[in-house]
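Undergrad: Any chance you could fold what I've pasted below:
(4 chains)
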There are 2 protein chains.
Amino acid sequence: MQYSVMVEYALHSLVYLIDIPEEESIGIKDLSEFQGLSETYLSKVFGKLSKAGIVSSTPGVKGGYKLAKIPEEISFWDVIEAVEGKKTIFQCKNILKTNLMYRDNEECTSCTQSNPLCLINLTMLEAEEHMRKVLRNKTLAWLNKELDRVLPEKVRTDSQNYFKNKNSN
Amino acid sequence: MQYSVMVEYALHSLVYLIDIPEEESIGIKDLSEFQGLSETYLSKVFGKLSKAGIVSSTPGVKGGYKLAKIPEEISFWDVIEAVEGKKTIFQCKNILKTNLMYRDNEECTSCTQSNPLCLINLTMLEAEEHMRKVLRNKTLAWLNKELDRVLPEKVRTDSQNYFKNKNSN
DNA sequence: ATTATTATAGACTATATTAATCGACGATTA
DNA sequence: TAATCGTCGATTAATATAGTCTATAATAAT
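TA: Got it, this is the predicted structure:
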């Protein structure tokens, strides 16, 4: 039970999109090359991010991706949900012949994700919600500030220059 | 990305072990029959619970499982960890050729589960920890009390009687 | 207009995981 | 001694994951 590597690829890649100038964008080829990731696979990740409205794309020569919103409005959870979908972590299968967990005399066949009745499922959802709350509070803007604080300046400017030079060719 | 159904099977099945008399136990056959679950698959679940010290087993005729600890000391998280293992939900692969997320000049190849350095991984671990905290606070004793409060008395006594009668045969 | 470059979509593949089943073995009780 | 039960390992089918490959469409530069 783990999130797919897509989540990791997405979060790491998005970092490089935060600081770029207004009218520029970065292509998948550069992003994958710089990080040593599969180009085709990373393009799938960005397809999902694009569909979720996290990034916007411009096709064609000198095309690429940029953030579709300000970094203050893109949270870790947004990225995870874009890539992993909206499924909950715990699966309430409702397959038990005898389900004693229902509440108020309703059967657990009506225990859906949008209207959970089962106590066990409710507990899991509550726990998940605590995780999501943390993740919703961590935005790309926050991440960028933390990286500025924590990383040597050279490391940050080096990566910025890498993409800047690629764009000016 | 979801927990396996084993977690659901485990939590639902453990409910019936909470209230049984001191020297009794319930067999897989009865547990699976009552809930309409696969007998062989449920036995695998209990193998894991047994290995984790959550239940204890007695083989042979009239054998079965009982809780190995008092229900106050068995949490939802204990059960999940027993069944799913100790992996974290987010996977920090350390496979990025250029990883800019490290802290204090250390490389992210040293970013392990026990000693995470990468900011993204640290954030995910923090979020997971919030979820675990909730799950560690929910014990089988708590669940049992909630079920007493929420379910009609008949439903609870019916299931208790089911296993009691099975044992007296 | 043409060409090169880029995103986008879908089909395809290999591997791993999940949810099961089956059979053999060992301990226990009647 | 026989029937019952937990334990272990091998096996299987279905699904998910992590990729690749190809075709298509849009764009910018020539």
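
Undergrad: ranges for the strands of chain A?
TA: The residue ranges that make up the strands of chain A, judged by DSSP state E, are A:55-58, A:64-67.

Undergrad: all helices of chain A, in order?
TA: Using DSSP state H, the helices of chain A run over residues A:5-18, A:28-35, A:39-51, A:76-84, A:119-137, A:140-150, A:153-168.

Undergrad: Up against DNA strand D, what does chain A have?
TA: A:4-6, A:38-41, A:44, A:58-63 (Cβ under 7 Å from any atom of the strand). All C-beta atoms are positioned from the backbone trio N, CA, C, and that covers glycine.

Undergrad: Just the buried ones among these, please.
TA: For the residues of chain A next to DNA strand D, burial is judged from neighbour counts taken by 16 or more other Cβ atoms under 10 Å in any protein chain shown, and it is met by A:5-6.

Undergrad: What does the pLDDT read for residue A:87?
TA: Reported pLDDT at residue A:87 in the predicted model: 87.

Undergrad: and it, how many residues sit next to it?
TA: Residue A:87 sits with 11 neighbouring residues when counted by other Cβ atoms under 10 Å in any protein chain shown.

Undergrad: Need the helices of chain A in TSV (columns: mean pLDDT).
TA: Compiled in TSV, the helices of chain A are given as follows (pLDDT from 0 to 100):
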stretch	mean pLDDT
helix A:5-18	95
helix A:28-35	94
helix A:39-51	97
helix A:76-84	97
helix A:119-137	95
helix A:140-150	93
helix A:153-168	84
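
Undergrad: Nearest to residue B:26, out of the ones you listed?
TA: Comparison of the helices of chain A against residue B:26 by Cβ to Cβ identifies helix A:119-137 as nearest, at 18.5 Å.

Undergrad: which strands and helices sit next to that closest one?
TA: For helix A:119-137, the packing partners by 3 or more Cβ pairs under 8 Å, 6 or more residues apart in numbering or on different chains; DSSP states H and E come out as helix A:76-84, helix B:5-18, helix B:76-84, helix B:119-137, helix B:140-150.

Undergrad: Quick one, which of those helices gets closest to residue B:93.
TA: helix B:119-137 (9.8 Å).

Undergrad: Figure out which of the helices and strands packed on helix A:119-137 is closest to residue A:167.
TA: So among the helices and strands packed on helix A:119-137, helix A:76-84 is nearest, using Cβ to Cβ, at 23.8 Å.

Undergrad: and the closest one, anywhere near chain B?
TA: Yes - part of helix A:76-84 sits close enough to chain B to count as contact by Cβ under 8 Å from any Cβ of the partner chain, namely A:76, A:84.

Undergrad: ok so, going back, in TSV, list the strands of chain A along with mean pLDDT.
TA: Formatted as TSV, the entries for the strands of chain A read as follows, by pLDDT from 0 to 100:
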stretch	mean pLDDT
strand A:55-58	96
strand A:64-67	96
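
Undergrad: and among the ones you listed, the most buried is which?
TA: Using mean count of other Cβ atoms under 10 Å in any protein chain shown, the stretch among these with the greatest mean number of neighbours is strand A:64-67 (a mean of 20).

Undergrad: Does anything pack onto that strand? Which helices or strands?
TA: In terms of contact count using 3+ Cβ pairs under 8 Å, 6+ apart, strand A:64-67 is assigned the packing partners helix A:5-18, helix A:28-35, helix A:39-51, strand A:55-58.

Undergrad: now, of those, which is deepest in the fold?
TA: Ranked by mean neighbour count under mean count of other Cβ under 10 Å, the helices and strands packed on strand A:64-67 are led by helix A:5-18, which reaches a mean of 22.

Undergrad: Who are the packing partners of that helix?
TA: The helices and strands touching helix A:5-18, judged by 3+ Cβ pairs under 8 Å, 6+ apart, are helix A:28-35, helix A:39-51, strand A:64-67, helix A:76-84, helix A:140-150, helix B:119-137.

Undergrad: gap between the last one and the chain center?
TA: Okay, so that is helix B:119-137. Computed by Cα atoms, centre = their mean, to the nearest Å, the chain-centroid distance of helix B:119-137 equals 17 Å.

Undergrad: Output that helix in PDB, but only the C-alpha positions, please.
TA: C-alpha atoms of helix B:119-137 as PDB (Å, rounded to 0.1, in the frame of the first residue of the first chain):
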ATOM      1  CA  LEU B 119      11.900  18.000   2.400                       C
ATOM      2  CA  ILE B 120       9.100  16.400   0.400                       C
ATOM      3  CA  ASN B 121       9.600  13.100   2.200                       C
ATOM      4  CA  LEU B 122       9.600  14.800   5.500                       C
ATOM      5  CA  THR B 123       6.400  16.500   4.800                       C
ATOM      6  CA  MET B 124       4.700  13.300   3.800                       C
ATOM      7  CA  LEU B 125       6.000  11.600   6.900                       C
ATOM      8  CA  GLU B 126       4.600  14.400   9.000                       C
ATOM      9  CA  ALA B 127       1.200  14.100   7.400                       C
ATOM     10  CA  GLU B 128       1.200  10.300   7.800                       C
ATOM     11  CA  GLU B 129       2.100  10.700  11.400                       C
ATOM     12  CA  HIS B 130      -1.100  12.700  12.000                       C
ATOM     13  CA  MET B 131      -3.100   9.900  10.500                       C
ATOM     14  CA  ARG B 132      -1.300   7.300  12.600                       C
ATOM     15  CA  LYS B 133      -1.900   9.300  15.700                       C
ATOM     16  CA  VAL B 134      -5.600   9.100  15.300                       C
ATOM     17  CA  LEU B 135      -5.500   5.400  14.500                       C
ATOM     18  CA  ARG B 136      -3.400   4.700  17.500                       C
ATOM     19  CA  ASN B 137      -6.000   6.300  19.700                       C
END
